[in-house]
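Asker: below is the structure, and that's it, no one-letter string:
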DNA sequence: CCTACCTCTGTGGTCGGACCACAGGGTAGG
DNA sequence: CCTACCCTGTGGTCCGACCACAGAGGTAGG
(Lines give C-alpha, C1' and ligand atoms only; values in the text may rest on other atoms or scores of the structure.)
Protein backbone atom coordinates (compact mmCIF):
# COMPACT_ATOMS: atom_id res chain seq x y z
CA UNK A 1 0.00 0.00 0.00
CA UNK A 2 1.59 3.23 -1.09
CA UNK A 3 1.33 6.09 1.34
CA UNK A 4 -0.57 8.49 -0.85
CA UNK A 5 -3.32 5.92 -1.21
CA UNK A 6 -3.96 6.32 2.48
CA UNK A 7 -5.15 9.82 1.77
CA UNK A 8 -7.31 8.72 -1.14
CA UNK A 9 -9.05 6.06 0.90
CA UNK A 10 -9.44 8.40 3.85
CA UNK A 11 -11.03 11.06 1.69
CA UNK A 12 -13.33 8.60 -0.03
CA UNK A 13 -14.43 7.19 3.30
CA UNK A 14 -14.99 10.67 4.69
CA UNK A 15 -17.05 11.56 1.64
CA UNK A 16 -19.16 8.42 1.89
CA UNK A 17 -19.68 8.95 5.61
CA UNK A 18 -20.68 12.56 5.17
CA UNK A 19 -17.73 13.89 7.12
CA UNK A 20 -16.72 15.74 3.97
CA UNK A 21 -19.27 17.55 1.85
CA UNK A 22 -19.31 19.56 -1.33
CA UNK A 23 -18.13 23.04 -0.53
CA UNK A 24 -16.21 21.87 2.52
CA UNK A 25 -12.49 21.90 2.75
CA UNK A 26 -9.80 19.31 3.23
CA UNK A 27 -7.54 19.79 6.22
CA UNK A 28 -4.30 21.53 5.36
CA UNK A 29 -1.62 19.43 3.76
CA UNK A 30 0.59 19.66 6.81
CA UNK A 31 -2.24 18.68 9.14
CA UNK A 32 -3.27 15.80 6.92
CA UNK A 33 0.28 14.57 6.81
CA UNK A 34 0.57 14.50 10.57
CA UNK A 35 -2.86 12.90 11.03
CA UNK A 36 -1.99 9.99 8.78
CA UNK A 37 1.59 9.75 9.90
CA UNK A 38 3.00 10.40 6.45
CA UNK A 39 4.96 13.21 4.88
CA UNK A 40 3.64 16.24 3.13
CA UNK A 41 4.92 15.20 -0.32
CA UNK A 42 2.87 12.02 -0.06
CA UNK A 43 -0.19 14.04 0.86
CA UNK A 44 0.45 16.34 -2.05
CA UNK A 45 0.55 13.45 -4.51
CA UNK A 46 -2.84 12.32 -3.26
CA UNK A 47 -4.28 15.83 -3.46
CA UNK A 48 -3.05 16.07 -7.03
CA UNK A 49 -4.86 12.87 -7.88
CA UNK A 50 -8.03 14.08 -6.21
CA UNK A 51 -7.72 17.31 -8.13
CA UNK A 52 -7.29 15.39 -11.37
CA UNK A 53 -10.37 13.35 -10.45
CA UNK A 54 -12.43 16.50 -10.04
CA UNK A 55 -13.01 15.97 -6.34
CA UNK A 56 -11.12 18.94 -4.99
CA UNK A 57 -10.06 22.32 -6.32
CA UNK A 58 -6.93 23.81 -4.82
CA UNK A 59 -6.07 27.47 -4.49
CA UNK A 60 -3.42 29.44 -2.67
CA UNK A 61 -3.93 32.31 -0.31
CA UNK A 62 -6.39 32.38 2.55
CA UNK A 63 -10.12 32.72 3.01
CA UNK A 64 -12.98 30.39 2.17
CA UNK A 65 -11.86 29.97 -1.44
CA UNK A 66 -8.32 28.94 -0.55
CA UNK A 67 -7.06 25.49 0.27
CA UNK A 68 -8.43 22.23 -1.08
CA UNK A 69 -12.16 22.74 -1.53
CA UNK A 70 -14.41 19.73 -2.14
CA UNK A 71 -16.15 19.99 -5.48
CA UNK A 72 -17.95 17.58 -7.77
CA UNK A 73 -16.63 18.08 -11.24
CA UNK A 74 -16.76 14.79 -13.12
CA UNK A 75 -16.43 16.30 -16.58
CA UNK A 76 -12.81 17.40 -16.52
CA UNK A 77 -11.39 14.08 -15.30
CA UNK A 78 -13.45 12.15 -17.82
CA UNK A 79 -12.24 14.53 -20.50
CA UNK A 80 -8.66 14.08 -19.44
CA UNK A 81 -8.93 10.31 -19.48
CA UNK A 82 -10.47 10.34 -22.94
CA UNK A 83 -7.93 12.78 -24.31
CA UNK A 84 -5.00 10.80 -23.01
CA UNK A 85 -6.30 7.53 -24.29
CA UNK A 86 -7.16 9.04 -27.63
CA UNK A 87 -3.55 10.16 -27.75
CA UNK A 88 -2.38 6.59 -27.29
CA UNK A 89 -4.35 5.57 -30.37
CA UNK A 90 -5.85 2.72 -28.40
CA UNK A 91 -9.22 4.43 -28.40
CA UNK A 92 -10.50 4.64 -31.96
CA UNK A 93 -12.27 7.81 -32.93
CA UNK A 94 -14.95 5.65 -34.50
CA UNK A 95 -15.85 4.26 -31.12
CA UNK A 96 -16.13 7.73 -29.67
CA UNK A 97 -18.46 8.83 -32.44
CA UNK A 98 -20.53 5.68 -32.06
CA UNK A 99 -20.86 6.40 -28.36
CA UNK A 100 -21.94 9.93 -29.12
CA UNK A 101 -24.63 8.63 -31.39
CA UNK A 102 -25.93 6.30 -28.73
CA UNK A 103 -25.90 8.79 -25.88
CA UNK A 104 -27.22 11.76 -27.82
CA UNK A 105 -30.03 9.96 -29.56
CA UNK A 106 -31.09 8.49 -26.24
CA UNK A 107 -30.88 11.90 -24.57
CA UNK A 108 -32.93 13.56 -27.26
CA UNK A 109 -35.63 10.92 -27.03
CA UNK A 110 -35.66 11.11 -23.26
CA UNK A 111 -35.72 14.91 -23.23
CA UNK A 112 -38.63 14.98 -25.66
CA UNK A 113 -40.60 12.59 -23.51
CA UNK A 114 -40.16 14.70 -20.42
CA UNK A 115 -42.33 17.51 -21.75
CA UNK A 116 -39.97 20.26 -20.67
CA UNK A 117 -41.05 23.82 -20.14
CA UNK A 118 -39.74 26.82 -22.04
CA UNK A 119 -37.52 27.75 -19.12
CA UNK A 120 -35.55 24.57 -19.32
CA UNK A 121 -35.17 24.86 -23.05
CA UNK A 122 -34.13 28.47 -22.85
CA UNK A 123 -30.43 27.83 -22.45
CA UNK A 124 -30.32 25.67 -25.56
CA UNK A 125 -32.42 28.13 -27.52
CA UNK A 126 -30.15 31.02 -26.63
CA UNK A 127 -27.13 29.06 -27.76
CA UNK A 128 -28.77 28.59 -31.14
CA UNK A 129 -29.43 32.32 -31.38
CA UNK A 130 -25.80 33.05 -30.68
CA UNK A 131 -24.78 30.59 -33.36
CA UNK A 132 -26.70 32.59 -35.96
CA UNK A 133 -23.97 35.23 -35.90
CA UNK A 134 -22.33 34.97 -39.29
CA UNK A 135 -19.11 36.44 -38.02
CA UNK A 136 -18.23 33.46 -35.88
CA UNK A 137 -15.03 31.60 -36.61
CA UNK A 138 -15.25 27.82 -36.99
CA UNK A 139 -13.71 27.50 -33.55
CA UNK A 140 -16.22 29.78 -31.89
CA UNK A 141 -19.03 28.09 -33.77
CA UNK A 142 -18.00 24.67 -32.65
CA UNK A 143 -17.63 25.72 -29.07
CA UNK A 144 -21.23 26.89 -29.13
CA UNK A 145 -22.17 23.77 -31.02
CA UNK A 146 -20.59 21.63 -28.33
CA UNK A 147 -22.38 23.61 -25.66
CA UNK A 148 -25.67 23.07 -27.41
CA UNK A 149 -25.20 19.34 -27.65
CA UNK A 150 -24.14 19.13 -24.04
CA UNK A 151 -27.11 21.21 -22.95
CA UNK A 152 -29.37 18.93 -24.94
CA UNK A 153 -27.95 15.86 -23.21
CA UNK A 154 -28.48 17.55 -19.90
CA UNK A 155 -32.19 17.87 -20.61
CA UNK A 156 -32.56 14.11 -20.30
CA UNK A 157 -31.89 14.48 -16.61
CA UNK A 158 -29.13 11.91 -16.25
CA UNK A 159 -26.08 13.58 -14.80
CA UNK A 160 -23.77 10.69 -15.65
CA UNK A 161 -24.72 10.59 -19.30
CA UNK A 162 -24.56 14.36 -19.46
CA UNK A 163 -21.08 14.31 -17.95
CA UNK A 164 -19.88 11.65 -20.35
CA UNK A 165 -21.30 13.60 -23.26
CA UNK A 166 -19.59 16.78 -22.15
CA UNK A 167 -16.33 14.88 -21.85
CA UNK A 168 -16.67 13.38 -25.27
CA UNK A 169 -17.26 16.77 -26.81
CA UNK A 170 -14.32 18.32 -25.03
CA UNK A 171 -11.99 15.47 -25.81
CA UNK A 172 -12.72 15.47 -29.53
CA UNK A 173 -12.95 19.22 -29.92
CA UNK A 174 -9.40 19.47 -31.15
CA UNK A 175 -9.92 16.69 -33.66
CA UNK A 176 -13.12 18.29 -34.94
CA UNK A 177 -11.43 21.62 -35.47
CA UNK A 178 -8.56 19.99 -37.25
CA UNK A 179 -11.05 18.44 -39.65
CA UNK A 180 -12.76 21.71 -40.60
CA UNK A 181 -10.55 22.15 -43.68
CA UNK A 182 -11.96 18.86 -44.95
CA UNK A 183 -15.33 20.50 -45.37
CA UNK A 184 -16.12 21.53 -48.89
CA UNK A 185 -17.92 24.71 -47.94
CA UNK A 186 -17.77 25.92 -44.37
CA UNK A 187 -20.50 28.52 -44.69
CA UNK A 188 -22.90 26.07 -46.26
CA UNK A 189 -22.09 23.52 -43.60
CA UNK A 190 -22.75 26.02 -40.84
CA UNK A 191 -26.09 26.92 -42.37
CA UNK A 192 -27.08 23.28 -42.50
CA UNK A 193 -26.01 22.67 -38.93
CA UNK A 194 -28.04 25.66 -37.75
CA UNK A 195 -31.16 24.38 -39.43
CA UNK A 196 -30.66 20.89 -38.05
CA UNK A 197 -30.20 22.26 -34.55
CA UNK A 198 -33.44 24.20 -34.82
CA UNK A 199 -35.26 21.13 -36.02
CA UNK A 200 -33.89 19.02 -33.19
CA UNK A 201 -34.87 21.54 -30.56
CA UNK A 202 -38.32 21.89 -32.10
CA UNK A 203 -38.82 18.13 -31.97
CA UNK A 204 -37.75 18.03 -28.35
CA UNK A 205 -40.03 20.93 -27.52
CA UNK A 206 -42.92 19.27 -29.29
CA UNK A 207 -42.41 15.98 -27.53
CA UNK A 208 -41.66 14.14 -30.76
CA UNK A 209 -39.29 11.68 -29.17
CA UNK A 210 -38.51 9.43 -32.10
CA UNK A 211 -38.21 12.31 -34.50
CA UNK A 212 -35.81 14.07 -32.14
CA UNK A 213 -33.67 10.96 -31.84
CA UNK A 214 -33.61 10.42 -35.58
CA UNK A 215 -32.72 14.03 -36.27
CA UNK A 216 -29.87 13.91 -33.80
CA UNK A 217 -28.56 10.71 -35.32
CA UNK A 218 -28.69 12.12 -38.81
CA UNK A 219 -27.16 15.39 -37.64
CA UNK A 220 -24.13 13.76 -36.07
CA UNK A 221 -23.67 11.23 -38.84
CA UNK A 222 -23.93 13.94 -41.43
CA UNK A 223 -21.30 16.10 -39.88
CA UNK A 224 -18.76 13.36 -39.40
CA UNK A 225 -19.27 12.21 -42.94
CA UNK A 226 -18.83 15.72 -44.27
CA UNK A 227 -15.72 16.26 -42.19
CA UNK A 228 -14.42 12.81 -43.10
CA UNK A 229 -13.56 12.27 -39.47
CA UNK A 230 -15.03 8.91 -38.66
CA UNK A 231 -16.33 6.33 -39.04
CA UNK A 232 -18.05 6.43 -42.41
CA UNK A 233 -15.29 5.98 -44.90
CA UNK A 234 -13.05 8.56 -43.26
CA UNK A 235 -9.58 7.88 -42.03
CA UNK A 236 -9.72 10.17 -39.05
CA UNK A 237 -6.29 9.54 -37.61
CA UNK A 238 -7.38 6.63 -35.50
CA UNK A 239 -6.13 3.17 -36.20
CA UNK A 240 -8.04 1.68 -39.06
CA UNK A 241 -10.17 -1.05 -37.63
CA UNK A 242 -10.97 -3.74 -40.12
CA UNK A 243 -14.28 -4.61 -38.57
CA UNK A 244 -17.40 -3.79 -40.46
CA UNK A 245 -19.69 -2.00 -38.10
CA UNK A 246 -23.12 -3.07 -39.18
CA UNK A 247 -24.94 -0.51 -37.09
CA UNK A 248 -23.34 2.27 -39.06
CA UNK A 249 -25.01 1.16 -42.22
CA UNK A 250 -28.39 0.19 -40.93
CA UNK A 251 -30.27 3.40 -40.67
CA UNK A 252 -29.20 5.07 -43.81
CA UNK B 1 0.57 27.01 -15.23
CA UNK B 2 1.59 24.70 -12.47
CA UNK B 3 4.84 22.87 -12.94
CA UNK B 4 3.50 19.35 -12.87
CA UNK B 5 1.21 20.22 -15.76
CA UNK B 6 4.30 20.66 -17.86
CA UNK B 7 4.90 16.94 -17.53
CA UNK B 8 1.31 16.08 -18.35
CA UNK B 9 1.32 18.16 -21.50
CA UNK B 10 4.72 16.85 -22.49
CA UNK B 11 3.59 13.26 -22.11
CA UNK B 12 0.35 13.84 -23.97
CA UNK B 13 2.20 15.51 -26.80
CA UNK B 14 4.74 12.71 -26.91
CA UNK B 15 1.95 10.16 -27.02
CA UNK B 16 0.11 11.95 -29.80
CA UNK B 17 3.32 12.35 -31.79
CA UNK B 18 4.25 8.71 -31.39
CA UNK B 19 7.40 9.46 -29.42
CA UNK B 20 5.88 7.44 -26.60
CA UNK B 21 4.10 4.17 -27.25
CA UNK B 22 2.32 1.53 -25.27
CA UNK B 23 4.90 -0.68 -23.66
CA UNK B 24 7.53 2.03 -23.77
CA UNK B 25 8.89 3.73 -20.71
CA UNK B 26 8.94 7.27 -19.41
CA UNK B 27 12.37 8.72 -18.73
CA UNK B 28 13.39 8.42 -15.12
CA UNK B 29 11.93 10.92 -12.73
CA UNK B 30 15.27 12.58 -12.16
CA UNK B 31 15.93 12.85 -15.89
CA UNK B 32 12.46 14.20 -16.59
CA UNK B 33 12.91 16.78 -13.88
CA UNK B 34 16.12 18.06 -15.37
CA UNK B 35 14.77 18.04 -18.94
CA UNK B 36 11.82 20.24 -17.99
CA UNK B 37 13.75 22.35 -15.55
CA UNK B 38 11.57 21.42 -12.60
CA UNK B 39 12.10 19.46 -9.42
CA UNK B 40 11.59 15.79 -8.88
CA UNK B 41 8.60 16.23 -6.56
CA UNK B 42 6.78 18.10 -9.30
CA UNK B 43 7.52 15.31 -11.72
CA UNK B 44 6.29 12.78 -9.20
CA UNK B 45 2.96 14.58 -8.82
CA UNK B 46 2.48 14.38 -12.57
CA UNK B 47 3.44 10.73 -12.70
CA UNK B 48 0.92 10.02 -9.96
CA UNK B 49 -1.78 11.69 -12.03
CA UNK B 50 -0.79 9.75 -15.11
CA UNK B 51 -0.88 6.59 -13.05
CA UNK B 52 -4.33 7.47 -11.76
CA UNK B 53 -5.40 8.11 -15.36
CA UNK B 54 -4.29 4.65 -16.39
CA UNK B 55 -1.58 5.91 -18.70
CA UNK B 56 1.47 4.60 -16.88
CA UNK B 57 2.18 1.83 -14.43
CA UNK B 58 5.06 2.38 -12.04
CA UNK B 59 7.26 -0.26 -10.44
CA UNK B 60 10.47 -0.21 -8.47
CA UNK B 61 13.60 -2.15 -9.17
CA UNK B 62 15.29 -2.44 -12.52
CA UNK B 63 14.74 -4.25 -15.78
CA UNK B 64 12.11 -3.79 -18.45
CA UNK B 65 9.24 -4.04 -16.00
CA UNK B 66 10.57 -1.32 -13.70
CA UNK B 67 10.05 2.39 -13.98
CA UNK B 68 7.04 4.15 -15.46
CA UNK B 69 5.75 1.93 -18.26
CA UNK B 70 3.23 3.32 -20.71
CA UNK B 71 0.00 1.35 -20.60
CA UNK B 72 -3.57 1.95 -21.76
CA UNK B 73 -5.88 1.11 -18.93
CA UNK B 74 -8.96 3.32 -19.15
CA UNK B 75 -11.10 1.19 -16.85
CA UNK B 76 -9.46 1.88 -13.51
CA UNK B 77 -9.49 5.68 -13.82
CA UNK B 78 -13.09 5.67 -14.95
CA UNK B 79 -13.92 3.43 -12.05
CA UNK B 80 -12.15 5.70 -9.63
CA UNK B 81 -13.94 8.77 -10.92
CA UNK B 82 -17.30 7.07 -10.63
CA UNK B 83 -16.61 5.72 -7.18
CA UNK B 84 -15.49 9.07 -5.86
CA UNK B 85 -18.42 10.91 -7.31
CA UNK B 86 -20.82 8.30 -6.08
CA UNK B 87 -19.34 8.90 -2.66
CA UNK B 88 -20.16 12.59 -2.92
CA UNK B 89 -23.82 11.70 -3.45
CA UNK B 90 -23.89 14.00 -6.43
CA UNK B 91 -24.16 11.05 -8.77
CA UNK B 92 -27.48 9.28 -8.18
CA UNK B 93 -27.40 5.51 -8.31
CA UNK B 94 -30.52 5.67 -10.47
CA UNK B 95 -28.56 7.47 -13.17
CA UNK B 96 -25.87 4.82 -13.07
CA UNK B 97 -28.41 2.06 -13.46
CA UNK B 98 -30.12 3.92 -16.28
CA UNK B 99 -26.79 4.23 -18.03
CA UNK B 100 -26.16 0.53 -17.58
CA UNK B 101 -29.49 -0.21 -19.18
CA UNK B 102 -28.69 1.95 -22.16
CA UNK B 103 -25.16 0.66 -22.71
CA UNK B 104 -25.88 -2.99 -22.08
CA UNK B 105 -29.00 -3.24 -24.16
CA UNK B 106 -27.20 -1.53 -27.00
CA UNK B 107 -24.20 -3.81 -26.60
CA UNK B 108 -26.33 -6.93 -26.59
CA UNK B 109 -28.13 -5.85 -29.74
CA UNK B 110 -24.89 -4.94 -31.42
CA UNK B 111 -23.19 -8.16 -30.38
CA UNK B 112 -26.08 -10.22 -31.70
CA UNK B 113 -25.93 -8.46 -35.03
CA UNK B 114 -22.23 -9.14 -35.46
CA UNK B 115 -22.76 -12.86 -35.90
CA UNK B 116 -19.90 -13.82 -33.62
CA UNK B 117 -18.18 -17.16 -33.73
CA UNK B 118 -18.08 -19.65 -30.89
CA UNK B 119 -14.55 -18.61 -30.05
CA UNK B 120 -15.54 -15.08 -29.23
CA UNK B 121 -18.45 -16.26 -27.14
CA UNK B 122 -16.35 -18.81 -25.31
CA UNK B 123 -15.18 -16.48 -22.56
CA UNK B 124 -18.71 -15.50 -21.67
CA UNK B 125 -19.92 -19.09 -21.83
CA UNK B 126 -17.20 -20.26 -19.48
CA UNK B 127 -18.12 -17.58 -16.99
CA UNK B 128 -21.66 -18.89 -16.98
CA UNK B 129 -20.41 -22.40 -16.33
CA UNK B 130 -18.40 -21.22 -13.40
CA UNK B 131 -21.44 -19.43 -12.02
CA UNK B 132 -23.32 -22.72 -11.87
CA UNK B 133 -21.26 -23.73 -8.86
CA UNK B 134 -23.76 -23.77 -6.01
CA UNK B 135 -21.03 -23.20 -3.44
CA UNK B 136 -20.29 -19.67 -4.56
CA UNK B 137 -20.75 -16.87 -2.08
CA UNK B 138 -22.81 -13.88 -3.17
CA UNK B 139 -19.58 -11.94 -3.52
CA UNK B 140 -17.94 -14.53 -5.76
CA UNK B 141 -21.14 -14.89 -7.74
CA UNK B 142 -21.39 -11.19 -8.38
CA UNK B 143 -17.79 -10.89 -9.39
CA UNK B 144 -18.42 -13.52 -12.06
CA UNK B 145 -21.69 -11.82 -12.89
CA UNK B 146 -19.89 -8.55 -13.40
CA UNK B 147 -17.30 -10.25 -15.56
CA UNK B 148 -20.02 -11.76 -17.69
CA UNK B 149 -21.73 -8.46 -18.24
CA UNK B 150 -18.47 -6.77 -19.08
CA UNK B 151 -17.52 -9.55 -21.46
CA UNK B 152 -20.90 -9.20 -23.12
CA UNK B 153 -20.40 -5.49 -23.61
CA UNK B 154 -17.01 -6.18 -25.07
CA UNK B 155 -18.58 -8.33 -27.77
CA UNK B 156 -20.12 -5.24 -29.31
CA UNK B 157 -16.65 -4.16 -30.35
CA UNK B 158 -16.65 -0.65 -28.94
CA UNK B 159 -13.74 -0.28 -26.54
CA UNK B 160 -15.06 2.96 -25.07
CA UNK B 161 -18.45 1.56 -24.21
CA UNK B 162 -16.86 -1.61 -22.91
CA UNK B 163 -14.56 0.42 -20.68
CA UNK B 164 -17.40 2.52 -19.35
CA UNK B 165 -19.41 -0.60 -18.65
CA UNK B 166 -16.54 -2.22 -16.81
CA UNK B 167 -16.14 0.94 -14.74
CA UNK B 168 -19.80 1.07 -13.91
CA UNK B 169 -19.78 -2.51 -12.72
CA UNK B 170 -16.67 -2.01 -10.60
CA UNK B 171 -17.89 1.22 -9.11
CA UNK B 172 -21.24 -0.16 -8.03
CA UNK B 173 -19.96 -3.56 -6.96
CA UNK B 174 -19.79 -2.55 -3.34
CA UNK B 175 -23.29 -1.14 -3.42
CA UNK B 176 -24.66 -4.27 -5.06
CA UNK B 177 -23.11 -6.51 -2.44
CA UNK B 178 -24.47 -4.35 0.34
CA UNK B 179 -27.94 -4.81 -1.12
CA UNK B 180 -27.82 -8.62 -1.18
CA UNK B 181 -29.56 -8.88 2.20
CA UNK B 182 -32.51 -7.05 0.65
CA UNK B 183 -33.18 -10.06 -1.54
CA UNK B 184 -35.92 -12.28 -0.30
CA UNK B 185 -34.25 -15.52 -1.30
CA UNK B 186 -30.66 -15.48 -2.47
CA UNK B 187 -30.61 -18.99 -3.86
CA UNK B 188 -33.75 -18.44 -5.86
CA UNK B 189 -32.40 -15.16 -7.13
CA UNK B 190 -29.16 -16.79 -8.22
CA UNK B 191 -31.06 -19.49 -10.08
CA UNK B 192 -33.10 -16.88 -11.88
CA UNK B 193 -30.01 -14.87 -12.81
CA UNK B 194 -28.31 -17.96 -14.18
CA UNK B 195 -31.26 -18.75 -16.41
CA UNK B 196 -31.49 -15.18 -17.63
CA UNK B 197 -27.78 -15.13 -18.44
CA UNK B 198 -28.14 -18.31 -20.48
CA UNK B 199 -31.08 -16.86 -22.36
CA UNK B 200 -29.20 -13.66 -23.11
CA UNK B 201 -26.16 -15.50 -24.40
CA UNK B 202 -28.35 -17.76 -26.50
CA UNK B 203 -30.07 -14.78 -28.06
CA UNK B 204 -26.72 -13.17 -28.84
CA UNK B 205 -25.42 -16.41 -30.30
CA UNK B 206 -28.52 -16.81 -32.40
CA UNK B 207 -28.36 -13.29 -33.76
CA UNK B 208 -31.66 -12.33 -32.19
CA UNK B 209 -30.70 -8.72 -31.62
CA UNK B 210 -33.95 -7.32 -30.30
CA UNK B 211 -34.57 -10.30 -28.08
CA UNK B 212 -31.09 -10.04 -26.63
CA UNK B 213 -31.57 -6.37 -25.88
CA UNK B 214 -34.94 -6.95 -24.27
CA UNK B 215 -33.65 -9.80 -22.17
CA UNK B 216 -30.76 -7.71 -20.93
CA UNK B 217 -33.05 -4.84 -20.05
CA UNK B 218 -35.42 -7.08 -18.14
CA UNK B 219 -32.51 -8.82 -16.45
CA UNK B 220 -31.00 -5.64 -15.11
CA UNK B 221 -34.32 -4.06 -14.18
CA UNK B 222 -35.41 -7.19 -12.40
CA UNK B 223 -32.32 -7.42 -10.28
CA UNK B 224 -32.31 -3.81 -9.18
CA UNK B 225 -35.96 -3.94 -8.32
CA UNK B 226 -35.49 -7.14 -6.34
CA UNK B 227 -32.53 -5.68 -4.49
CA UNK B 228 -34.36 -2.39 -3.97
CA UNK B 229 -31.27 -0.57 -5.11
CA UNK B 230 -32.53 1.97 -7.56
CA UNK B 231 -36.19 2.90 -7.79
CA UNK B 232 -37.54 3.05 -11.29
CA UNK B 233 -39.97 5.88 -10.97
CA UNK B 234 -43.40 4.35 -10.78
CA UNK B 235 -43.56 2.77 -14.20
CA UNK B 236 -43.63 -0.92 -14.71
CA UNK B 237 -40.70 -2.54 -16.43
CA UNK B 238 -42.57 -4.22 -19.25
CA UNK B 239 -44.28 -1.21 -20.72
CA UNK B 240 -41.11 0.78 -20.72
CA UNK B 241 -38.95 -1.93 -22.13
CA UNK B 242 -40.26 -1.23 -25.58
CA UNK B 243 -39.12 2.36 -25.44
CA UNK B 244 -35.59 1.62 -24.48
CA UNK B 245 -34.59 -0.52 -27.35
CA UNK B 246 -35.02 1.90 -30.17
CA UNK B 247 -31.65 3.48 -30.42
CA UNK B 248 -30.45 2.90 -33.96
CA UNK B 249 -32.63 0.13 -35.18
CA UNK B 250 -35.30 1.81 -37.24
CA UNK B 251 -34.73 -0.32 -40.30
CA UNK B 252 -35.08 -3.62 -38.56
C1' DC C 1 -15.39 57.93 13.98
C1' DC C 2 -14.24 56.10 9.55
C1' DT C 3 -11.09 54.77 6.04
C1' DA C 4 -6.98 53.25 3.93
C1' DC C 5 -2.96 50.92 4.37
C1' DC C 6 0.03 47.59 6.01
C1' DT C 7 1.76 43.71 8.42
C1' DC C 8 0.73 39.14 9.99
C1' DT C 9 -0.63 34.55 9.24
C1' DG C 10 -1.89 30.48 7.01
C1' DT C 11 -2.52 28.38 2.56
C1' DG C 12 -0.66 25.73 -1.44
C1' DG C 13 3.64 25.63 -4.80
C1' DT C 14 8.32 24.49 -5.33
C1' DC C 15 12.73 23.01 -4.41
C1' DG C 16 17.14 20.27 -3.21
C1' DG C 17 18.87 16.78 -0.95
C1' DA C 18 18.90 12.64 1.48
C1' DC C 19 17.94 7.78 2.52
C1' DC C 20 15.37 3.42 1.74
C1' DA C 21 13.68 -0.94 -0.66
C1' DC C 22 13.78 -3.27 -4.60
C1' DA C 23 15.25 -5.94 -8.75
C1' DG C 24 18.20 -6.89 -12.47
C1' DG C 25 22.84 -7.60 -14.35
C1' DG C 26 27.59 -7.83 -14.22
C1' DT C 27 31.34 -9.89 -11.83
C1' DA C 28 34.28 -12.43 -8.76
C1' DG C 29 34.74 -16.67 -6.72
C1' DG C 30 33.92 -21.59 -6.47
C1' DC D 1 30.74 -23.64 -16.12
C1' DC D 2 27.84 -22.33 -12.29
C1' DT D 3 26.80 -19.72 -8.20
C1' DA D 4 26.73 -16.07 -5.05
C1' DC D 5 27.54 -11.49 -4.32
C1' DC D 6 27.65 -6.54 -5.03
C1' DC D 7 26.78 -2.57 -8.03
C1' DT D 8 23.65 0.30 -10.28
C1' DG D 9 19.51 2.46 -11.31
C1' DT D 10 14.67 2.59 -10.42
C1' DG D 11 10.67 4.44 -7.73
C1' DG D 12 9.08 5.47 -2.61
C1' DT D 13 9.49 8.39 1.21
C1' DC D 14 10.87 11.89 4.00
C1' DC D 15 12.79 16.40 5.77
C1' DG D 16 13.33 21.19 5.92
C1' DA D 17 13.28 25.24 3.71
C1' DC D 18 11.64 29.15 0.94
C1' DC D 19 8.26 31.47 -2.16
C1' DA D 20 3.76 33.63 -3.78
C1' DC D 21 -0.56 34.52 -2.62
C1' DA D 22 -4.77 36.41 -0.35
C1' DG D 23 -7.56 37.37 3.45
C1' DA D 24 -7.73 39.22 8.44
C1' DG D 25 -6.93 42.35 11.64
C1' DG D 26 -4.39 45.84 13.64
C1' DT D 27 -2.84 50.59 12.95
C1' DA D 28 -2.00 55.17 11.30
C1' DG D 29 -4.08 58.87 8.97
C1' DG D 30 -8.02 61.60 7.58
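Answerer: Yes, it's here. Predicted model only: the values in this text are computed from it and were never measured.
Asker: quick check: beta-bridge partners of residue A:67?
Answerer: Beta-bridge pairing for residue A:67 (DSSP bridges): residue A:59.
Asker: contact partners for it?
Answerer: If you count contacts by CB atoms under 8 Å, 6 or more residues apart in numbering or on different chains, residue A:67 has them with A:25-26, A:28, A:58-59. Where C-beta positions appear, they are placed from N, C-alpha and C, glycine not excepted.
Asker: swap in residue A:104?
Answerer: So residue A:104 contacts A:149, A:152-153, A:165, A:216-217, A:220 (CB under 8 Å, 6+ apart).
Asker: now do the strands in chain A.
Answerer: Ranges of strands in chain A, per DSSP state E, are A:56-59, A:67-70.
Asker: show me the helices in chain A, by range?
Answerer: Counting by DSSP state H, chain A has helices at residues A:3-17, A:29-36, A:40-52, A:75-87, A:93-113, A:118-131, A:138-154, A:159-178, A:186-205, A:209-226, A:247-250.
Asker: reformat these as JSON lines; add mean pLDDT.
Answerer: Output for the helices of chain A, formatted as JSON lines (pLDDT from 0 to 100):
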{"stretch": "helix A:3-17", "mean pLDDT": "96"}
{"stretch": "helix A:29-36", "mean pLDDT": "96"}
{"stretch": "helix A:40-52", "mean pLDDT": "97"}
{"stretch": "helix A:75-87", "mean pLDDT": "95"}
{"stretch": "helix A:93-113", "mean pLDDT": "95"}
{"stretch": "helix A:118-131", "mean pLDDT": "94"}
{"stretch": "helix A:138-154", "mean pLDDT": "95"}
{"stretch": "helix A:159-178", "mean pLDDT": "93"}
{"stretch": "helix A:186-205", "mean pLDDT": "94"}
{"stretch": "helix A:209-226", "mean pLDDT": "94"}
{"stretch": "helix A:247-250", "mean pLDDT": "37"}
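Asker: looking at those helices, spot the one closest to residue B:103.
Answerer: Smallest distance to residue B:103 across these (CB to CB): 7.6 Å, for helix A:93-113.
Asker: and the angle for that closest one with helix A:138-154?
Answerer: Going by axes from the mean of the first three to the mean of the last three CA atoms, to 10 degrees, helix A:93-113 is angled at 50 degrees with respect to helix A:138-154.
Asker: now, which of the contacts of residue A:104 sits nearest DNA strand C?
Answerer: Nearest to DNA strand C, judged by CB to the nearest atom of the strand, of the contacts of residue A:104 is residue A:165 at 29.0 Å.
Asker: quick one: neighbours of the nearest residue to the closest one once chain neighbours are set aside, just the number.
Answerer: Here the nearest residue to residue A:165 in space, its sequence neighbours aside, is residue A:153; by CB to CB, 6 or more residues apart in numbering or on different chains that works out to 4.0 Å. Residue A:153 has 27 neighbouring residues, counting by other CB atoms under 10 Å in any protein chain shown.
Asker: residue A:135 now?
Answerer: For residue A:135, the neighbour count with other CB under 10 Å is 5.
Asker: my read: residue A:222 touches residue A:196, true?
Answerer: Yes - counting by CB atoms under 8 Å, residue A:222 does reach residue A:196; the two are 7.5 Å apart.
Asker: so what's the backbone phi/psi at residue A:228?
Answerer: phi 50, psi 40 (degrees, to the nearest 10).
Asker: burial measure for it, as a count.
Answerer: 14.
Asker: re the thing from before, how about the contacts of residue A:67 in TSV, adding neighbour count and distance to residue B:51?
Answerer: As requested, the contacts of residue A:67 are exported to TSV (neighbours: other CB atoms under 10 Å in any protein chain shown; distance: CB to CB, whole Å):
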residue	neighbour count	distance to residue B:51
A:25	15	26
A:26	23	21
A:28	13	25
A:58	16	19
A:59	11	24
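Asker: on that earlier part again, so which of the contacts of residue A:104 is the closest to residue A:40?
Answerer: Nearest to residue A:40 among the contacts of residue A:104 is residue A:165, at 38.1 Å by CB to CB.
Asker: quick one: contacts for the closest one?
Answerer: A:100, A:103-104, A:107, A:149-150, A:153.
Asker: export the residues you listed to a markdown table and tack on distance to residue A:44?
Answerer: Shown next, in a markdown table, are the contacts of residue A:165 (distance: CB to CB, whole Å):
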| residue | distance to residue A:44 |
| --- | --- |
| A:100 | 36 |
| A:103 | 36 |
| A:104 | 39 |
| A:107 | 39 |
| A:149 | 37 |
| A:150 | 33 |
| A:153 | 35 |
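Asker: let me know the closest of the residues you listed to residue B:72.
Answerer: The shortest approach to residue B:72 among those belongs to residue A:100, at 20.7 Å (CB to CB).
Asker: which segments of chain A make up each domain?
Answerer: A:3-70, A:76-250 (automatic domain parsing).
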